[in-house]
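Colleague: This is the structure alone, sequence omitted:
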């Protein structure tokens, strides 16, 4: 069946009608729902921010005077070291998160590229094992990982905790990057080999620059895995202040008989700032990386 010019002119307005076929009442309802959802998502963060400027005695009040007796005392005490070694915890968290991100992304990228480009025995079983590992809750893994770290002599060290975080981040990141590498044409690899590049040279110099969106998504995931995690850090690090991370150090504000809500809220805001910065740096790659990595598996 062929369509002439007059038929196409009749079809185009019909398509436009379908795209804009929404009543004013439906548009108002949709926008109202989006506004309500945004308020529900933003309000807890806003309330924590307001609480961070209040004294501990006034932090739990629900007075309409939100900024009554507000000050920066909570922040100055935390950063000044009066309420725990916050800066030491911050340095430990940054070191552990960066090491986890670099190691996990490198291992995931090499493994995902191999699974995408090469055929080898056990390939399907390897990818399936990555999915199965994600099904186990953290609490089940603490005891076997603890025994492994003791056997390796890494219990209580930052390197041991980094390796533990990699066991959590690498399976998801590998599966994500494998799907993204599948979207990159293999002709690029063949052209690189014709030019005399080794397999690793093709991967490092040609494929990796094209996989920036996928690398951004996996880097963000690996960073968050190590930045805000509490269970593994509490179990595998020593109780000394100089070895704690931020997520573990925040427990100093929650005592048996009282909770220092103002200081806890201020510390929570400070902890969230690096994660927001990392998200801002990679946010332009997130949508592309997530959608491309989910196309093929």
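Modeller: Cool, the structure landed. It should be emphasised that the depicted structure is a prediction, and the values quoted were computed from it without experimental measurement. Numbers count the residues shown, from 1 in each chain.
Colleague: Check the gap between the nearest residue to residue 54 once chain neighbours are set aside and residue 76 for me.
Modeller: Spatial nearest neighbour of residue 54, chain neighbours left out: residue 262 (5.2 Å); criterion: CB to CB, 6 or more residues apart in numbering. Any C-beta I mention is one placed from the backbone N, CA and C, and that applies to glycine too. Distance, residue 262 to residue 76, by CB to CB, to the nearest Å: 12 Å.
Colleague: any chance you could map the helices in this structure?
Modeller: 5-19, 24-51, 73-79, 86-117, 123-133, 138-152, 158-181, 186-194, 199-202, 208-210, 212-227, 231-236, 246-249, 261-293 (DSSP state H).
Colleague: Name the residues that touch the fifth one?
Modeller: For helix 123-133, contacts defined as CB atoms under 8 Å, 6 or more residues apart in numbering pick out 115, 167, 171-172, 174-175, 178.
Colleague: Averaged pLDDT, it. What do you get?
Modeller: For helix 123-133, mean pLDDT is 85.
Colleague: How far does it sit from its chain's centre?
Modeller: Remark: helix 123-133 is offset 22 Å from the chain centroid, using CA atoms, centre = their mean, to the nearest Å.
Colleague: and that helix, which residues are buried?
Modeller: By neighbour count on 16 or more other CB atoms under 10 Å, the buried set for helix 123-133 is 127, 130.
Colleague: got it, and the fourth one?
Modeller: When neighbours are counted by 16+ other CB under 10 Å, the buried residues of helix 86-117 are found to be 86, 88-90, 92-93, 96-97, 99-101, 103-105, 108-109, 111-117.
Colleague: what's the angle from it to helix 123-133?
Modeller: For helix 86-117 against helix 123-133, the angle by axes from the mean of the first three to the mean of the last three CA atoms, to 10 degrees is 150 degrees.
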